[in-house]
Each structure stands twice: as C-alpha cells, then as structure tokens.
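Colleague: Sequence below, structure please.
(chains A and B)
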Protein chains: 2
Amino acid sequence: MGSVRNILFIMCDQLRWDYLSCTGHPSLDTPNIDRLARMGVRFDRAFVQSPVCGPSRACYYTGRTAFSHGATWNFVPLPIGELTIGDYLAPKGVRVAVAGKTHFRSDVDGMARLGLTRDTEIGLKIVEGGFEPWERDDGEHPDPIVSPTLPYNAYLRAHGYDSVNPWNDFANAAEGPNGEILSGWQMRNASLPARVKEEHSETAYITNRAMDFIRSAGAAPWLMHLSYIKPHWPYMAPAPYHAIYKKSQMPPRNADASEKINPHPVYAAFMQMDAASTFARDEVRETVGPAYMGLIKQIDDHVGRVLDMLEEKGLMQNTMIVFTSDHGDYLGDHWLGEKELFHEASVRVPLIIYDPDSAADPTRGTFCDKLVEAIDLAPTFMEWHGMQPAYHRLEGRSLLPVLRGEDMSDWRDFVFSELDYSFYRARLTLERKPRDCRIYMVRNQRWKYIHYTGYRPQLFDLQEDPRELRDLGESTEHAQVRETMRTKLFERLLARRNRVTVPDDVVEERTNKVRQKGIIIGEW
Amino acid sequence: MGSVRNILFIMCDQLRWDYLSCTGHPSLDTPNIDRLARMGVRFDRAFVQSPVCGPSRACYYTGRTAFSHGATWNFVPLPIGELTIGDYLAPKGVRVAVAGKTHFRSDVDGMARLGLTRDTEIGLKIVEGGFEPWERDDGEHPDPIVSPTLPYNAYLRAHGYDSVNPWNDFANAAEGPNGEILSGWQMRNASLPARVKEEHSETAYITNRAMDFIRSAGAAPWLMHLSYIKPHWPYMAPAPYHAIYKKSQMPPRNADASEKINPHPVYAAFMQMDAASTFARDEVRETVGPAYMGLIKQIDDHVGRVLDMLEEKGLMQNTMIVFTSDHGDYLGDHWLGEKELFHEASVRVPLIIYDPDSAADPTRGTFCDKLVEAIDLAPTFMEWHGMQPAYHRLEGRSLLPVLRGEDMSDWRDFVFSELDYSFYRARLTLERKPRDCRIYMVRNQRWKYIHYTGYRPQLFDLQEDPRELRDLGESTEHAQVRETMRTKLFERLLARRNRVTVPDDVVEERTNKVRQKGIIIGEW
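Modeller: From the prediction side, this is the model:
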C-alpha cells in the first residue's frame, strides 16, 4: 500500500448492536456491512461512552470520556480546549471532513472569551468540532428550528419537493389516502413510505455527498466521517424499504413483567417518559420495528455503493473503514424507548474495522470479544497514521494491534459509560438538582454495575441473565461483586487523563531536572 | 460602604499554617497579621488543593481542583479553556492584577491551536492566567533562567547592586568575612544577612509595587493579588530579620524514629530526596528555622504597612482582605523537607479573611474550625462582588455566609488534596510511569486518609495522634475507617464539575423542553 492513507469512518445513529445480520439478527439482511466484516474484524463487545447522541459523539471525536471532556449531554458544548481527531490528524496533512451528523455544539462562550468567530479558519474548525463541514447535517430539522439555508432542503426543492421545509414535509412524512401529510414524528405512521423517492432520501443524499468528497479528494489523505442520521427517528423509510420487513421478523420484546416490580427509582422514572410508555405498547414496537429494519437495510445498500466505489477507484488498498453507531435503541425492550440507560440495547453498538494493511490479514473475517470502547477509535486513527497516540489526553487504546493479531493479554477488563440525565423529565419526576443526575456504568465480561448518585446501584449478571431482567442491585449475596465493580469504577475515575498539556515523554525528560535550571533544592 | 469593592488577596509562598502568632507559634510575633485576624475571621482548618506552588495556585485562581483543571504540577500549563478569577471578575469591571508570584504556566500549544499570541490583549490575559501583570515576579531567578529584563533586577541595579543578576548575587546571597559571595541556595548560609538592605529586598519591593497599584488604581474596583515569594527558599533574610529569632525559638522537630520503620513506599522515597535527607540533620533545621521565621516577621511588617495605607486612604471600609499561603514547609518534620506530601505541615495553611461589610461584624476576631479549601476563595470573591458563583465549574463554596455568621450546618465534612509526583526523583526511585504517580488525600475532623495509585493507603487518627506519627494504613482494626474515607474520596471524584459550558440554571430552563423545538419524542 502507498503512503497515502485514508479513513472512512461510517457512523449510524441509534443503530443497536444486534440489528445486523453479521451480529446475529434473525431476519435482517445486511450483506454489504457483512462484507465489510469479512474483510476486517467485527468487535462483538463494543460500547459507547454515553448512550446519547451528543456526548457519545464527543467521546468518539475526542477520544475522551464525557467525565473528562465535559460535553455531558446534547445541549452541552464541548469546552474549547478539548481536541478532536481533526486537531490530531490535520497537522499530518489529513483532510478531516464530515458528511452528515456530528451533533457538535461549539463553546460559544469560550470562543467569545478568546475573541474567536466562525468567520475565521480557526473559528470554523472550533465551531465544527475539528471537521471540515463538507456537508454537515445533524438531521433534525423540524419547522421551529430548521435553517433556511439547509442544503438538503435546497436539494429536495430542486428535485421538485415543493415546501418551505421538505425535510419535514417529504423526507420525514408520509401521505394519507386523501393526500394529507402524515408526519414521521408520529410513530403510528412508521409503516408508511416517506414522501421522497429513495434516491432523494437522507441516507441516499448523505451517501452521495460522501462519495462526492471521495471523488474530489485527490491524492491527499483524508478522513471522511460518513455519518448517517438514520435509523434514528423520525422512523420513516422511503419505498421500498418501508415494506421489506414484517413485524414477525422482529425479535421478541426483551422485557419481563417482573422488571416493573420494585424497579430502581431512576429506571422507574425513565419508564414513565413518553418514549417508554408508548413503546410499552405492542402495536408501537410492531409498527416501528419494520421501519427501523428497513432504514438499516437501506443504509446497508448505500454502504455497498460506497464500498463498490472504493474498489473501483483502487482505494480499498489504502483506506481504513470503520462502521459503528453512536448508541442503540430500546425499541420497547425493558419497557423503554429511546436509549440513555445502560442495558445492552442502548449502550452496546456494532463495530467493524477493516484495516487494509497486510499485517491485518491474519484477522480478516474474525470477530473479537475483547471489551472495546468508543474512545478506542481516536488512538486507532492516530496509530494508523503513524502517530504516537496522545495518551496523556486520550483515554482509550488503539485497536491497531488487535487488528493485527498481536498479543493483547493486558487488554482492559472492563468498559465504562455514563449519563448526565439532568435535562430529562426523569429529573423532575425524581425532584433532583441538575448536578446530582449522574449515572456511571462499568461492565466486564460477566457483570454490569451501574452507579447512581443518590440511589442504590444496579447489578446484572450477564452470564446467568444475559437478557438483563434481574437487577441484583439489592441482592445481599452479591454485595462483594458490587464492591469489586465499584472499585473498578473508582479506579477508572482516579485514572482520568487530566495532565493534558504535558505528554508523558516530556514528563520523563523533565523528571528531577530543576537543578539544570539553577534551582537547587535541599543543599546544605 | 460604597459600591466600589476591592479585594486585597495576600499570599505567602511556603508559609506553614502554624508559623504565625495568631495560629499558635510559641515565639514568632506577627502583630500585623494578628491585627487582620482580629478584624476578620481566622480559618483554623484551611487546606490547599495540592501542596506544590503551581497546582495549588492554579486551584486558588480557578476555584477548581487539579483533578479537574489539569495543571497538575509546576511545569504543567493550565489548559486554555480553564477560567480564572480574572475571567470572572473583569466583566464586572474589576481590575484583577498581581504584584509577585502566580507560578502560572500558559498553555502555549493551546494558544497556537487557536491562533493566539501574547501580543494581543486576550493573549496576554491567557499567558498571565487572567491577571494584569502589574509586577509579575515568580521569584526564582537563578542565572540559567533569569530574564535579562527582570524589573526587580533593574531596580536593584538602579540602587547600586552591581551585577548581571543581583537577585541571585545580592537579594539571595550573603557575604563571607573576606567579601566572598555565599549563596542563599546553600542552606548553611541561612543565618547570614542578605546582601541587600531590607528596603530593597524582595518582600519590600513587591509590597511597594502593590502599594503603587493601590495608590494609582483610582475609583474603579480592583483585586490586587499581593503574592510574596517568601518565606520560600532561598532562605535568606535581610538584616535585621536574619537575626531576630534563635534556634531555641523554633518548635521542636515533629518527627519520630518510628516513622522510618516500615514506612509507606512513597513516603520512603520522599525521605530519600535531597531536601529531606538534609533537613533530617538538626543543624540544618536549626539554621534554616530562624531565617524562615525572620522572613515571616518581615512579611508581617510589610503587611502592616499595607494595612496602614488602606486605613489612611479610607479603603478599609470597602476592601476585603485575604491572607493565606500556597502550601507549608516541612522544615524537617516527619524527616522531610519542602512540601508535596500530606502532613499538616505541608497541606494546611493559614487563612484569614477580613470582610468590611457590617454584616460580618458578628464574626470579627473569631476563629472558624470548619474544613475549608483553597478553592473556596474564588466563589467568595464572586459573591463579594454580588455575582452568583459559577458553581457548574467552581468546586469550592463561598465563605461569605460563614464570614457573616449564617447557619452553615450543611458545610462539607471533609477536604480534598492531591499530588502528581511524576516529576520528582521519587518516581525514579519507585520505578513508576508518569501516569501512575497520583496521590489523593481526604481529611475530615478526625481522620486523614491518603490514597496512592499502586500502593496501600495511609491513615492518620488526628484525634489520638495529632502529630501524625502513626500510620494506620495497614491497621486491621481501622479497615472500616479506611473504607469510609475511601468512599468519601470516590464521591468527591464522582462529583467533579465537568459540565463547565452550561450553568445549572440553564439546565433547569431547558429540562424536558426539546418539544418546543419541534422535536417530538415517543408520540404515537
């Protein structure tokens, strides 16, 4: 392979780990993503750092946990001092661009303090989280907040979708028998086709834009973040994808009536939220499920288009390809909708990495059951570009040695995730202050421990209870397990990377060296 | 009092909590600092966030722990996104200036990333940690690193001290019987007078410069950080202060031979460092002690000059005055020199606050035994200026209600401090990596628990063993106490303020409000 190295970083939004054929879905067929898995490694146990779009993505992009970087929820800007993969790779000549969603909120107060505006090159980079906004589109454009200059809307209008906000009125709406608009915001409509042709839908459009980028990028190295908005709600697929799957092809609801008996107070509060109480009804999940599957099927087809193009252009030899998601979707499991909490449906994601280097040949088509975190990608990208990952800031670990089959016997033995639920109605239900709404998960191969500020913990035995139906948070016989897992959480917090302004090798150089500056300590 | 409010924030460097007459020193007489204590409140149990200059000061200035802000040691820049008291007070029209030391290291990489240079107003503010460098002087100017434009050196030369570096050759050197220069860097010379007249010494000069500032400040509100370099080493006092105290006036060494038996490994490594092994000799502490006391006595006299001036100018009625230190000095206690570790000699500091407001009249001349932390000052300053302290970032708590005698029954029940010892020779002795050199202390009114990454903890019973001579870190009967204290540390880490870009009231406003943006979640 040549010296130019590219990265295609594909992310879906709200794609559960188990809704691909290669991760075991019984009826969903995703041959193109499966093809990628055959070319690379499928990481079977990959977890996001926070099961909500904004903080999860900020962790992927910074390589740091939300505990460290501080973008704890969707509305919470990433502090200006935090670096992203763009900051790391751009100085190496890599063009880091996005087509689709980043959910990045810029630190406008931090920018004002430092006199920065988005009119400057540096300011724009900060505003866009280090990505060149080749086609930034966060994908939620209801009328009250839609930008009048949204490119996708201009595109739709140019293709005959006549509306002020065709995103809302066509791409995410269906039509009733009398021509009335049926909004994708209402899940009752999820079985209907969107009012756009498939080739004009968001997934097709964003794929096209990523392909435009790749075509135009030339010989300079790039990282293209192809970041799909789907299968995130509004759950509305264009024809024919709206009708490919039937409700019978959905795995049964993973829930048990016993979960509602004496539930953990925070879990109980989440079960009271709209998405949960709606998804508790069978007709809802049976209506939404097939649309969700159709949206995934559509993504798979478009991933196939991209893979075909990379092959045609000879780029398969020098392009690392990553496929993952920012979090899952309960789809009614555990009597919940949406994501946020820490059951596998929410916190576990698919992760496939194709490394074209011949050193990775031995692992092609294998799966890896190591515990992997979203923050492992940033150092993987750096190492792939021949850089020493900035481990004084980065809190994950490069997966490159795993991809190349090296001995990784010292791999981590637990993963970490967290949530700041202060913005949710659950906080009001529970009458808590914004600062007291923290949840932390640590999970190893057997146990999942969930720590709540102000409440008892939860514990699940993933070996005896893989469906996570029995909360052992109050089980006296599991007190020692909880204590062990709590200690792991404690150690994880203690090890937070905070000395971000001085790398370890500089510490090594400067250790015990003040005397060279003429500063003489302790001499008689 | 008028609407203009000033703050005089006096800090000594390396002044132990117990080396003032008002804090119980048996022979040191500090009538001016005592006078301040009679006007205000003396906080008897005040602790620094890290017993080393750089990180301790960064905590005072940011109101955040080093665990959070990341300036973990002297050479470690404060990340550019961290705000300091200058950032908070300047927008209120307060001129925030320093005369003396801040030990602030600016984040040059962070500035370069954002295109900032010190030539601009914003850049200079970042470089100086939010302080106007009225007379920035960090006080360590040995020949290899002295700035050719150091104002204090120009001042000394103008007063006839003829040398390239009169700081080194006059202010911090003595003279032998044959006119030879005897360096202050050698502690054997600490009993001799410095080669400068008292009125030209560092303490006098920095006081003059602070007084110049106050005189010239006019009617606009200010915060003057009068930040003395002394009694920090080089331990060299000008006449007559070098000879005021005798070795017999020093309290006896607080140490016991038993401390050297099976000591904690990190403590053992620190006992092997130069300052410790030198201070282990009686002649060293008996030579240094009187000089150290003389330097404090000199500071006290100069604090008296400033108080007199404030009185003369009628500024006592609208100026809050704080007197404290950045950490202590072992002076041979526990067989250690310098500071760094967590015995009271190192981590505990004097703290006196005078609040001119009549609301504070009931507490004048009292002492307060609440557990107070260095990070409490930043919110105190904000509240004193009528601002709501930015508690989504600030990790301390305003002392203003304490100063005003309000009910504070919900005050914290433990204090927190920490050290990154990666730059010390101790790290090499212990063969550890830079990332694994973390120590955390939690102390309540009775117990002091010290957590070491990779080692057993230490525990001291301050009630039964106030001199901290018996390490209960391995005592089986104290296992439950250690567990309780460890939980306090865990809770402290969990509560780190990381959502720095969104205040709590904005979270309150936005809770459960996405629907107002047209984003409809969970609707059938």
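
Colleague: just checking, A:Phe323 is part of a helix?
Modeller: No - read with DSSP: H, G, I helix; E, B strand; the rest coil, A:Phe323 is strand and lies in no helix.

Colleague: For it, give the beta-bridge partners.
Modeller: Counting by DSSP bridges, A:Phe323 is bridged to A:Ile10, A:Ile352.

Colleague: In terms of helix, strand or coil, where does A:Arg42 fall?
Modeller: Of the three states, A:Arg42 takes strand under three-state DSSP.

Colleague: near chain B, which residues of the stretch 151-300 of chain A show up?
Modeller: Counting by C-beta under 8 Å from any C-beta of the partner chain, the positions of the stretch 151-300 of chain A adjacent to chain B are A:185-188, A:233, A:273-279, A:281, A:284. Bear in mind the C-beta positions are built from the backbone N, C-alpha and C, glycine included.

Colleague: Now list the buried members of those residues.
Modeller: With neighbours counted by 16 or more other C-beta atoms under 10 Å in any protein chain shown, these contain buried members at A:185-187, A:233, A:273-279, A:284.

Colleague: Just the pLDDT for A:Ser183.
Modeller: Predicted confidence (pLDDT) for A:Ser183: 97.

Colleague: Could you measure from it over to A:Pro177?
Modeller: Between A:Ser183 and A:Pro177 the distance is 16 Å, computed by C-beta to C-beta, to the nearest Å.

Colleague: And these two? Which one has more around it.
Modeller: A:Ser183 (18 against 6; other C-beta atoms under 10 Å in any protein chain shown).

Colleague: Rebuild the buried ones among the residues of the stretch 151-300 of chain A next to chain B as CSV, extending it with secondary structure.
Modeller: Formatted as CSV, those follow (three-state DSSP):
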residue, secondary structure
A:Trp185, coil
A:Gln186, strand
A:Met187, helix
A:Trp233, coil
A:Met273, coil
A:Asp274, helix
A:Ala275, helix
A:Ala276, helix
A:Ser277, helix
A:Thr278, helix
A:Phe279, helix
A:Val284, helix
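
Colleague: Tell me the one of the residues of the stretch 151-300 of chain A next to chain B nearest A:Gly40?
Modeller: Using C-beta to C-beta, A:Trp233 comes nearest to A:Gly40 of those, at 29.4 Å.

Colleague: quick revisit: make JSON lines from the buried ones among the residues of the stretch 151-300 of chain A next to chain B and add distance to A:Glu477 to it.
Modeller: Listed next are those as JSON lines, based on distance: C-beta to C-beta, whole Å:
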{"residue": "A:Trp185", "distance to A:Glu477": "46"}
{"residue": "A:Gln186", "distance to A:Glu477": "46"}
{"residue": "A:Met187", "distance to A:Glu477": "41"}
{"residue": "A:Trp233", "distance to A:Glu477": "41"}
{"residue": "A:Met273", "distance to A:Glu477": "32"}
{"residue": "A:Asp274", "distance to A:Glu477": "37"}
{"residue": "A:Ala275", "distance to A:Glu477": "34"}
{"residue": "A:Ala276", "distance to A:Glu477": "30"}
{"residue": "A:Ser277", "distance to A:Glu477": "33"}
{"residue": "A:Thr278", "distance to A:Glu477": "37"}
{"residue": "A:Phe279", "distance to A:Glu477": "33"}
{"residue": "A:Val284", "distance to A:Glu477": "37"}
